[in-house]
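Engineer: Build me a model from this:
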Amino acid sequence: MRVLVIGGAGYIGSHVTLALLDAGCEVTVFDNFSTGVEANLFDDAGLVRGDILDAEMLNGTMAEGWDAVIHLAALKAAGESMLQPERYAVNNITGTITVLNAMARANVSTLVFSSSAAVYGEPHYLPLDEEHPTSPENFYGFTKLEIERLMGWYGKLRGIRFASLRYFNAAGYDPDGRVLGLERNPANLLPVILEVVVGRREELRIFGDDYPTDDGTCIRDYVHVTDLADAHVKAMEYIRREGESLIVNLGSGRGYSVTEMVETARKVTGHEVPAAVTGRRPGDPARLVASSELAAKKLEWRTEHSSPEELIRTTWEAYRRNGG
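Structural biologist: Got it, this is the predicted structure:
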């Protein structure tokens, strides 16, 4: 199968590219390298340097003929989205419309989309399943939900079948060490912890320790990026086999607190992790845990690498490879 991976030089995109290559696909990465890095390119994958806002280039690339498109090109910082909604609207929503239009023009009918648990907002119950109401609390989550609605209409009107994969907290690195580049300016907990370990940051900031949890810190569902990548391959195969669209959560189904992850990092790395508690961030729920039963049923997907120890270990090894 010929697969175009838009955003394939990024953190998650590079792991998806690797999973597709492992599955025997012919893969080309389409990336503008605004957040992707050259070190995440693989010799066995082709490369197009382009931007999803460049309709002419995207149309030309799409016309080359693809069995499937995997779309991961988006701005993703929730806090930043509240300060720069115009930028997020143009890149995420307008950019995806450009992708959908190019696919429709070229008769490419299979799309796997990188969505987010941010579409749900404050949880009404846990674990969160796909039937939970969608009410995003940040503009980033709004863009993801609007894109899901757009894809639904393009499915009805242009025959594009899609899988929208609602990630929970992606973390970790390829267990075999084949993804070489680190995220630029990471904001998620695990890479920030490792930046403290290797001396790139002085301390970890813990946003609140007075939540209604056992240790007072937020609980999140962390899912290994290799497990996520596997779900993209399975979702692509599902669409082509069943001819139907689907929306599924991707999480481990288990929640771990900030304090638990810090303690695991101390044990795995053998280093202290200096930390300071600061105020809560607006909109941070105490707990977020996924139900991924639908992904298990539809895609026969299970997590294999998402224990806290492997999440930390593979991230630690990635940072050590990069001079940590």
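
Engineer: Compute the first-to-last residue distance for stretch 276-288.
Structural biologist: End-to-end span of stretch 276-288 (Cα to Cα, to the nearest Å): 22 Å.

Engineer: swap that for stretch 204-213, please
Structural biologist: Span of stretch 204-213 from end to end, Cα to Cα: 20 Å.

Engineer: can you pull the buried residues of the longest helix seen in the chain?
Structural biologist: Using DSSP state H, we find that the single longest helix of the chain is helix 139-158. Judged by neighbour count (16 or more other Cβ atoms under 10 Å), helix 139-158 contains these buried residues: 139-148, 150-151, 154-155. C-beta: built from backbone N, CA, C; applies to glycine.

Engineer: what packs against the helix or strand bottoming out on mean pLDDT in the chain?
Structural biologist: Lowest by mean pLDDT, DSSP states H and E among the helices and strands of the chain is helix 78-83, with a mean of 91. Contact here means 3 or more Cβ pairs under 8 Å, 6 or more residues apart in numbering; DSSP states H and E; on that basis helix 78-83 packs against helix 139-158.

Engineer: next structured bit after the helix it packs on?
Structural biologist: strand 161-167 (DSSP states H and E).

Engineer: For residue 133, which three-state class applies?
Structural biologist: Three-state call for residue 133 (DSSP: H, G, I helix; E, B strand; the rest coil): coil.

Engineer: Test my guess that it contacts residue 119.
Structural biologist: No. Residue 133 lies out of contact with residue 119 (Cβ atoms under 8 Å); the separation is 9.9 Å.

Engineer: neighbour count winner among these two?
Structural biologist: residue 119 (24 against 11; other Cβ atoms under 10 Å).

Engineer: The protein: strands as residue ranges?
Structural biologist: For the chain, the strands defined by DSSP state E cover 2-6, 26-31, 46-49, 68-71, 110-116, 161-167, 169-171, 204-207, 219-220, 222-224, 246-250, 256-257, 275-278.

Engineer: Name every strand pairing with the fourth one and say which way it goes.
Structural biologist: Spelled out, it's strand 68-71. strand 2-6 (parallel), strand 110-116 (parallel) (DSSP bridges).

Engineer: Could you dump these into a markdown table and include distance to residue 39, mean neighbour count and mean pLDDT?
Structural biologist: Formatted as a markdown table, those follow (distance: least, Cβ to Cβ, whole Å; neighbours: other Cβ atoms under 10 Å; pLDDT from 0 to 100):
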| stretch | distance to residue 39 | mean neighbour count | mean pLDDT |
| --- | --- | --- | --- |
| strand 2-6 | 16 | 25 | 98 |
| strand 110-116 | 21 | 25 | 98 |
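
Engineer: and those as TSV, adding distance to residue 28?
Structural biologist: Listed next are the strands paired with strand 68-71 as TSV, based on distance: least, Cβ to Cβ, whole Å:
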stretch	distance to residue 28
strand 2-6	5
strand 110-116	15
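
Engineer: Report the residue ranges of every domain in this structure.
Structural biologist: 2-171+223-250, 189-220+253-321 (automatic domain parsing).

Engineer: What sits closest to residue 63 if chain neighbours are left out?
Structural biologist: Leaving aside its sequence neighbours, residue 63 sits nearest to residue 106 (Cβ to Cβ, 6 or more residues apart in numbering; 5.1 Å).

Engineer: Kindly apply the preceding question to residue 61 instead.
Structural biologist: residue 48 (5.3 Å).

Engineer: My read is that the one you found contacts residue 33, right?
Structural biologist: No. Between residue 48 and residue 33 there is no contact under Cβ under 8 Å: 11.4 Å.

Engineer: Those two: which is more packed in?
Structural biologist: Between residue 48 and residue 33, counted using other Cβ under 10 Å, the more crowded position is residue 48 (17 against 14).

Engineer: residues touching that one, list them.
Structural biologist: Applying Cβ atoms under 8 Å, 6 or more residues apart in numbering to residue 48 gives the contacts 28-31, 57, 61.

Engineer: Would you quantify the distance from it to residue 163?
Structural biologist: 23 Å (Cβ to Cβ, to the nearest Å).

Engineer: Who is residue 164 paired with across the strands?
Structural biologist: Residues in beta-bridge contact with residue 164 (DSSP bridges): residue 113, residue 247.

Engineer: Show me the shaky parts of this structure.
Structural biologist: 324 (pLDDT under 70).

Engineer: If we use 80, what do you get?
Structural biologist: The chain contains residues with pLDDT under 80 at 283, 323-324.

Engineer: ok, which stretches of it are helices?
Structural biologist: Going by DSSP H, the chain shows helices at 11-22, 55-62, 78-83, 85-88, 95-106, 139-158, 189-197, 225-242, 258-269, 293-299, 308-321.
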